[in-house]
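S.K.: model this:
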Amino acid sequence: MYITCLDLEGVLVPEIWIAFAEKSGIPQLKKTTRDEPDYDKLMAGRLSILKEHGLGLREIQDVIADIDPLPGAKEFLDELRSLTQVILISDTFEQFAKPLMKKLGWPTIFCNTLEVAENGEITGYKMRVEKSKYATVRALQSIGFETIASGDSYNDLGMIEASKAGFLFKSTEQIKADYPHLPAFENYNELLAAIKDAME
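M.R.: Numbering: from 1, shown residues only. This is a model prediction of the structure:
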């Protein structure tokens, strides 16, 4: 039995931090896991910038409320879920993901949690498990599932390479050049066809 594991941001919805960087006018917040492989370093930088500018969870949630899934993403996800079990495995946070899950038809998501003070300041974050995407795929395999995985960033490579079939989707030229053995797709029809082939 197969489970397809998908990244969220950059694959099904726009990057939340890029949208917030544009809205807040803080270009340093545009950096994502496509640019920085070290997630702890990336988040430490983000939290420092938010504190410096007096921005908290409410301001980010206001931006997320206006984010829509990428064109064709919900249709792709609906069709994929008719063929196989699907779990979104993301390094985003529960406090960010909920409105996006509503727009995608409430798929299952495994993600992390922000630590938020009473005044709304984001003071830290709690990762569900170390190397969460890779660890989740290995755990699913340990209970009898074959996994197929797709994502766009450095933090997706563990789950992609550990799966029976793995694909880059809307990734960067640098990642595609560094991992030429991984099939790379730019549209949902291609990705859906590749997943179907992997399940045959």
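S.K.: switch to C-alpha atoms for all contacts and neighbour counts from now on
M.R.: Noted.
S.K.: for the chain, what's the longest helix?
M.R.: Longest helix in the chain, counting residues (DSSP state H): helix 39-53.
S.K.: got a list of contacts for it?
M.R.: Helix 39-53 has contacts (CA atoms under 8 Å, 6 or more residues apart in numbering) with 29, 31-33, 36, 56, 121-124, 155.
S.K.: try stretch 25-35
M.R.: 15, 17-22, 39, 42, 46, 49, 152-155, 171-172.
S.K.: next, the buried residues of it.
M.R.: Neighbour-count burial for stretch 25-35, counted by 16 or more other CA atoms under 10 Å, picks out 29-34.
S.K.: please apply the same query to stretch 167-178.
M.R.: Neighbour-count burial for stretch 167-178 flags 167-172, 175-176 (criterion: 16+ other CA under 10 Å).
S.K.: that one: end-to-end distance?
M.R.: This stretch, stretch 167-178, spans 14 Å end to end (CA to CA, to the nearest Å).
S.K.: how distant is it from the center of its chain?
M.R.: 15 Å (CA atoms, centre = their mean, to the nearest Å).
S.K.: and the contacts of it?
M.R.: 10-11, 34, 149-154, 160, 182-187, 191.
S.K.: mind checking which of the residues you listed are buried?
M.R.: 10-11, 34, 149-154, 160, 182, 184-185, 191.
S.K.: sorry, back to before: can I get the contacts of helix 39-53 in TSV with distance to I195, secondary structure and pLDDT?
M.R.: As requested, the contacts of helix 39-53 are exported to TSV (distance: CA to CA, whole Å; DSSP: H, G, I helix; E, B strand; the rest coil; pLDDT from 0 to 100):
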residue	distance to I195	secondary structure	pLDDT
L29	33	helix	91
K31	29	coil	88
T32	26	coil	83
T33	24	coil	78
E36	28	coil	82
G56	39	coil	93
E121	41	coil	93
I122	38	strand	94
T123	39	strand	93
G124	36	strand	93
N155	20	helix	91
